[in-house]
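Student: 3D model of this:
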Amino acid sequence: MYKYLMNGTLIDGTGKNPVEIKGILIKDNRIEKIVLGNEDIALSDLENVEVIDLNKQYILPGFIDSHVHVMLNFKDTNAKLNQPFSYRFYESVVNLKNTIEAGITTVRDAGGADFGIKQAIEDNLIVGPRLKICINPLSITGGHADGWLPSGVDTDIWNYPGSPKSMCDGVEDVRKKAREMLRAGADVLKVHATGGVLSPTDDPQFTQFTIKELQAIVQEGKFRKNIKVMAHAQGTEGIINAVKAGIHSIEHGIYLNDEAIDLMLQNNVFLVPTLLAPLTVVEKGLANDAGIPEYGLKKAKEVLEIHKESIRKAYKNGVKIAMGTDAGVMEHGTNLRELGLLCEVGLTPMEAIVASTKTAAECLEMEEKVGTIEEGKYADLLIINKNPLQNISLLEDKKNIPLIMKDGVIIKNRLCS
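Tutor: The predicted model follows:
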């Protein structure tokens, strides 16, 4: 079965200037041919060709969000504890649909999604983006994933048969937990190398895990076909420790200094900024959203401008930036607000698009399959009705994205409406 998208303007994700093309020929789930203006294609020679006229609209690769939580919808603690166990799985179906309908065709889940959710997407039981999973992030006792409250109540709701408990302390315990996540189907390992904004008993600048513990996690990933490690790392010392230990990507990167940036450059480490996360916490907190605890709002306010300046400095020094949002903290489907925030710290609209396509694919080690519109790659793409290079915020509104395709399958088509 063929599809032919004709008469569009291509922004291919590589950073090249837009170019008007005659069309893109798709066979099954792959891009077979990009037909340039000086070329011809004999569609009459092909059987079962669906032709879609784009009327000069813009063609982009499907976007990639390198940091989401598809099982998370931010709620206050009482609401979470009183929610039936299975309810969050049904919520995730809605989250995944909202995500792909925003133009995100691939995501890396940073904690919460188990192998069953990934398999349900692959088997077409539910609609959603292509999914890479870490199962559950590793955390120290009293660390960012420790849900213990001063009352003694443990609010951890992520421990169930398909999702092993994540807390571990000491090299051997850390090694065992990494193996448990890999056994459960992790495509990537995640570790909390520092505290965080929304954890009740720590702070973003608190360092968590020793370098030896972090190295043990990296080593376990290497044993399993070189599976990479992503690190929630907000404080300076924790970031430096993670890079020295061989971590593949730094998530958040709130307190970056010159040493941390230099080490990231030397070790070819990706930065996933998630600028939208603390901003959303502040927005929700100021709106008296019951899901934002007072301590979370206080910490988010403290880091908001520091975070922006750190990402700006990393960008200016050439650190590789892959788009990620921490979706779940904010509503799923609002992910592409992150592109405008990246532009606010210095990226051009084209660079923000590349960070969300080509570079994000490299971060997820999927650059041979997705991230750019090239012959032989998966047919993941979207159509936007106006030029996003002139106004990147156009991508925030789903109404501006009339067509979305993943694996050659049209997920949404409102070109005629």
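Student: so how far is residue 79 from residue 63?
Tutor: As judged by Cβ to Cβ, to the nearest Å, residue 63 and residue 79 stand 30 Å apart. (Glycine included, C-beta is placed from N, CA and C.)
Student: who has more neighbours, those two?
Tutor: The residue with more neighbours, out of residue 63 and residue 79, is residue 63; 32 against 12, by other Cβ atoms under 10 Å.
Student: Could you pick out the longest helix of the chain?
Tutor: helix 294-316 (DSSP state H).
Student: Give me the buried stretch members for that helix, please.
Tutor: Within helix 294-316, the residues that qualify as buried are 296-297, 299-300, 302-304, 307-308, 310-315, counting by 16 or more other Cβ atoms under 10 Å.
Student: Give me the residues contacting the helix or strand bottoming out on mean pLDDT in the chain.
Tutor: Least confident helix or strand of the chain, by mean pLDDT, DSSP states H and E, is helix 77-81 with a mean of 76. Applying Cβ atoms under 8 Å, 6 or more residues apart in numbering, the set of residues contacting helix 77-81 from outside is 149, 155, 157, 290-291, 293.
Student: Which helix or strand lies directly C-terminal to it?
Tutor: helix 87-100 (DSSP states H and E).
Student: Following element in sequence after that following helix, please.
Tutor: From helix 87-100, the next helix or strand downstream (DSSP H and E) is strand 104-109.
Student: what's that next one packed up against?
Tutor: strand 63-68, strand 130-133, helix 358-363, strand 403-406 (3 or more Cβ pairs under 8 Å, 6 or more residues apart in numbering; DSSP states H and E).
Student: Give the rounded mean pLDDT of the last one.
Tutor: Yep, that's strand 403-406 we're talking about. Averaging pLDDT along strand 403-406 gives 98.
Student: what's near enough to touch the nearest residue in space to residue 110 that is not next to it in sequence?
Tutor: Setting aside the residues directly before and after it, residue 110 is nearest to residue 67 in space (Cβ to Cβ, 6 or more residues apart in numbering), at 4.8 Å. Residues near residue 67 by Cβ under 8 Å, 6+ apart: 108, 110, 230, 251, 272, 274, 324-327.
Student: cutoff 10 Å now
Tutor: By Cβ atoms under 10 Å, 6 or more residues apart in numbering, the contact set of residue 67 is 107-111, 190, 230, 232, 249, 251-252, 272-274, 276-277, 322-328, 335, 338, 360, 363.
Student: tally of neighbours for the closest residue to residue 49 other than its chain neighbours?
Tutor: Take residue 49 and drop its neighbours on the chain: the residue closest to it by Cβ to Cβ, 6+ apart is residue 2, 4.3 Å away. Applying other Cβ under 10 Å, we find 17 residues neighbouring residue 2.
Student: my guess is residue 2 contacts residue 408, does it?
Tutor: Yes. Between residue 2 and residue 408 a contact is recorded at 9.4 Å, counting by Cβ atoms under 10 Å.
Student: Give me the common contacts of these two.
Tutor: 26-28, 32.
Student: Select only the buried ones of the contacts of helix 77-81 in PyMOL?
Tutor: Entered in PyMOL, the line below selects the buried ones among the contacts of helix 77-81, by 16+ other Cβ under 10 Å:
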select buried, resi 157+291
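Student: quick one: least confident of the contacts of helix 77-81?
Tutor: Lowest pLDDT among the contacts of helix 77-81: residue 290, 67.
Student: So what's the model's average confidence on stretch 261-280?
Tutor: 98.
Student: where in the stretch 251-400 of the chain is pLDDT low?
Tutor: 290 (pLDDT under 70).
Student: Contact partners for the residue nearest to residue 49?
Tutor: 25-28, 32-33, 43, 46-51, 408.
Student: separation between it and residue 391?
Tutor: From residue 2 to residue 391 the distance is 33 Å (Cβ to Cβ).
Student: One more: residue 324?
Tutor: Residue 324 is 22 Å from residue 391, by Cβ to Cβ.
Student: Who has more neighbours out of those two?
Tutor: residue 324 (32 against 12).
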